[in-house]
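Enquirer: Predicted coordinates and the sequence they were generated for:
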Amino acid sequence: MRIEVLYFDGCPGHERLMPRLGELLASAGVEDPVELVRVESLDDAEQHRFLGSPTLRIDGVDVDPAASERTDYGLKCRLYRTEGAQQPVPSDEWVLAAIERARPNDEPTADRLLRRRRSAARPD
């Protein structure tokens with residue numbers, strides 16, 4: 001699985017995303033490395049189809065379900081619109097759904113992994 005975080009220097013969103021992304025990947029049993037891609041210019045932004053910092057892509061697909069409809073590329077801090085709110089990082093649900101879409105069909109789902117971990121953590 002290819003996991004990319006696109007960002008530009010000066011916007012703190014990717015720094016906020018990284019620890020949470022690590023937790024989500026671990027909870028889903030994903031050990032693939034995260035590739036940081038620094039976008040340095042407007043030309044880079046257009047070439048990378050960069051919708052702002054941070055942009056999270058899994059296997060080349062933005063985790064934001066509405067991203068494919070957008071073309072407002074540029075060097076800016078990104079806001080994700082979820083459930084009527086705006087936040088500087090994508091929702092956990094979007095990230096986990098993107099992981100599931102990228103998994104081969106024979107791998108256990110993140111939901112099953114989470115249930116296993118919760119049941120294993122319960123005292124008998």
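Expert: Structure received.
Enquirer: mind checking how far the residue nearest to Ser91 when sequence neighbours are not counted is from Ala98?
Expert: Nearest non-adjacent residue to Ser91, counting by C-beta to C-beta, 6 or more residues apart in numbering: Thr82, 4.6 Å away. C-beta here means a position set from N, CA and C on the backbone, and glycine is covered the same way. Thr82 sits 14 Å away from Ala98, taking C-beta to C-beta, to the nearest Å as the criterion.
Enquirer: Which of the two has more residues huddled nearby?
Expert: The neighbour comparison of Thr82 against Ala98 (other C-beta atoms under 10 Å) goes to Ala98, with 23 against 16.
Enquirer: List of residues touching the helix or strand harbouring the more buried one?
Expert: Ala98 belongs to helix 92-102 when assigned by DSSP states H and E. Counting contacts by C-beta atoms under 8 Å, 6 or more residues apart in numbering, the residues outside helix 92-102 that touch it are 1, 20-21, 24-25, 28, 30, 56, 58-59, 61, 63-65, 80, 82, 109-110.
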